[in-house]
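[1] mind folding the following:
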Amino acid sequence: MQAAFRKFETQLKKLNVREGLELYFWSDGGLRNYGTLAALWELSKRIQHGITMEFLPSYHGHSRCDAHFGRGKIALRKTYPSGGLNSVGQVMHVFRLLKN
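    Okay, here's the model as predicted:
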């Protein structure tokens with residue numbers, strides 16, 4: 001996680017965005033996983049900017065919406081089995097072909 005945050009920090013510096021910057025991190029494992037809170041605190045100090053932490057509810061991934069996106073992921077893998085998926089338009093096209 002620390003390595004991922006360092007890479008994120010590098011990319012953030014390249015963007016050179018300060019005005020209106022809002023950072024949100026979503027976690028589905030609460031505070032116990034991988035030192036999440038400590039890692040975000042360190043990142044916040046290094047970039048000198050606040051970070052809002054959000055948590056997904058318990059048992060997320062078990063709704064009709066989640067099932068639909070699961071079907072979309074399967075359809076994307078079938079449509080692009082060897083890669084080549086490189087635009088939002090491609091994703092939208094595949095999702096539009098799904099029922100409901």
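
[2] how close does residue 51 sit to residue 43?
    7 Å (C-beta to C-beta, to the nearest Å). Using the backbone N, CA and C atoms, a C-beta is placed for each residue, glycine as well.

[3] on the strand side of things, show who the residue nearest to the spatial centre of the chain bridges to.
    By C-alpha atoms, centre = their mean, the mean C-alpha position of the chain lies nearest to residue 26, the distance being 7.3 Å. With DSSP bridges applied, residue 26 shows beta-bridge pairing to residue 54.

[4] mind listing what it touches?
    54, 55, 56 (C-beta atoms under 8 Å, 6 or more residues apart in numbering).

[5] just put those in TSV and tack on neighbour count.
    Below are the contacts of residue 26 laid out as TSV (neighbours: other C-beta atoms under 10 Å):
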residue	neighbour count
54	8
55	14
56	12
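
[6] where does the residue lying farthest from the centre of the chain fall, phi/psi-wise?
    Residue farthest from the centre of the chain, counting by C-alpha atoms, centre = their mean, is residue 99 at 25.4 Å. According to degrees, to the nearest 10, the main-chain angles of residue 99 amount to phi -70, psi 150.

[7] and the gap between it and residue 46?
    47 Å.

[8] if we can go back for a sec, next one, pLDDT for the residue nearest to the centre of the chain please.
    On pLDDT, residue 26 comes in at 82.

[9] which residues are in contact with residue 79?
    Taking C-beta under 8 Å, 6+ apart, one finds 85, 94 in contact with residue 79.

[10] isn't residue 72 right next to residue 95, touching?
    Yes. Using C-beta atoms under 8 Å, residue 72 is in contact with residue 95, at 5.0 Å.

[11] go through the longest helix along the chain and flag the buried ones.
    In the chain, taking DSSP state H as the definition, the longest helix is helix 64-79. Buried positions in helix 64-79, judged by neighbour count with 16 or more other C-beta atoms under 10 Å: residue 72.

[12] distance of residue 49 relative to residue 60?
    According to C-beta to C-beta, residue 49 stands 27 Å off from residue 60.

[13] what's around residue 49, how many residues?
    13 (other C-beta atoms under 10 Å).
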